[in-house]
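Undergrad: Curious how this folds, go ahead:
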Amino acid sequence: MPAARQSTKAWLRAAGIRPRRAWGQNFLINPRLAEQIVAAWSVGPDHGVVEIGAGAGALTAPLLAAGATVVAVERDVALVDLLAERTAAEAAPGALRCVAGDIRAQSPEALCAGLAPPAGWGLVGNLPYALTTPILEWAGRHRHAFGWQAFMVQREYGERLTARPGQAAYGALTVWVASRFEIERQLRLGPANFWPIPKVDSIVVRLRPRPEPPPGRPPLAQLERVVRAAFSQRRKMLPKPLAAGLELAPERVVAALDAAGIDARRRAESCSLEEFYALTAALADLLSRPQAGR
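TA: Okay, the predicted model is just below:
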């Protein structure tokens, strides 16, 4: 049986590969679902895709079958050569580049050097839970190198990414992502689609980068300071966590909330991205002077 068509689980076992719990490895083993995921991304021969944690090639193979140029990044050295062997039947000459390493230590320019797909680059991956936030931070820093991004994440984490103001899952992470990306949920995957079987469902989310804030809007670094402070005591009304987190006098915080049109009796979880931008703008002069409110 060709390697690409062999059961992922059987192929991994035959190669002596066992999932590393310390790395949070859960391999996607349902090939039809993998094809469905890739089909939802509308990838074709003009597209390039950087794949994070390519693993056993569950997504790599259908990406190559769709005609995409793939840069597969995998930090498990034992899998890298095996991955190229397993996907050889699907890859046109020059369509697959395997890179051994941690995506967080890479740059898009180095990964994609010498490759120029006409439709540009996407970024995808089945992300291990323990590393989801650090990898998202990397993706956020390099978001303008990719026209779109799509990640498979644990359901609870995905709900935090896609939550709306007022929902229990809404928090600082939600606002961080929303300030950089437009995001949508695509598919939900049950535990039986993975090996080893996780205890939770997963979902696929798709992200498109937002442009940099236009002139007149506060920079993202200032927005992050305000959001982190606001959610530092999420059960408290806004003046207390903002004053403590930003080291500002409470009356100055209340005045800024009033200028932003936000009732001081509200809590962080009720505020939209636009309201956080308005609040950051109202606090901008104070934020530029450390401890200016004391």
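
Undergrad: on contacts alone, who are the packing partners of the longest helix anywhere in the chain?
TA: Secondary structure of the chain per DSSP state H: the longest helix is helix 273-287. Under the contact criterion of 3 or more CB pairs under 8 Å, 6 or more residues apart in numbering; DSSP states H and E, helix 273-287 touches helix 172-178, helix 220-231, helix 239-246, helix 250-259. Where C-beta positions appear, they are placed from N, C-alpha and C, glycine not excepted.

Undergrad: Off-centre distance for the second one?
TA: On the basis of CA atoms, centre = their mean, to the nearest Å, helix 220-231 sits 19 Å off its chain's mean C-alpha point.

Undergrad: what packs against that helix?
TA: Where contact means 3+ CB pairs under 8 Å, 6+ apart, helix 220-231 is packed against helix 172-178, helix 239-246, helix 273-287.

Undergrad: Could you do the first one as well?
TA: Counting contacts by 3+ CB pairs under 8 Å, 6+ apart, the secondary-structure elements packed against helix 172-178 are helix 132-141, helix 155-162, helix 220-231, helix 273-287.

Undergrad: Not counting the third one itself, show me its contacts.
TA: Contact with helix 220-231 is made by 171-172, 175-176, 179-180, 213, 238, 241-242, 244-246, 268-269, 271, 276-277, 279-280, 283-284, 287, as judged by CB atoms under 8 Å, 6 or more residues apart in numbering.

Undergrad: Buried residues in the worst-scoring helix or strand of the chain on mean pLDDT, which are they?
TA: Among the helices and strands of the chain, helix 8-14 carries the lowest confidence by mean pLDDT, DSSP states H and E, at a mean of 84. Within helix 8-14, the residues scored as buried using 16 or more other CB atoms under 10 Å are 8, 11-12.

Undergrad: With stretch 138-155 instead?
TA: 138-140, 142-143, 145-146, 148-155.

Undergrad: before we move on, what about stretch 221-240?
TA: By 16+ other CB under 10 Å, the buried positions in stretch 221-240 come out as 222-233, 238-239.

Undergrad: Is it possible to mark the buried ones in the contacts of helix 220-231?
TA: 171-172, 175-176, 179-180, 238, 241-242, 245-246, 268-269, 271, 276-277, 279-280, 283, 287.
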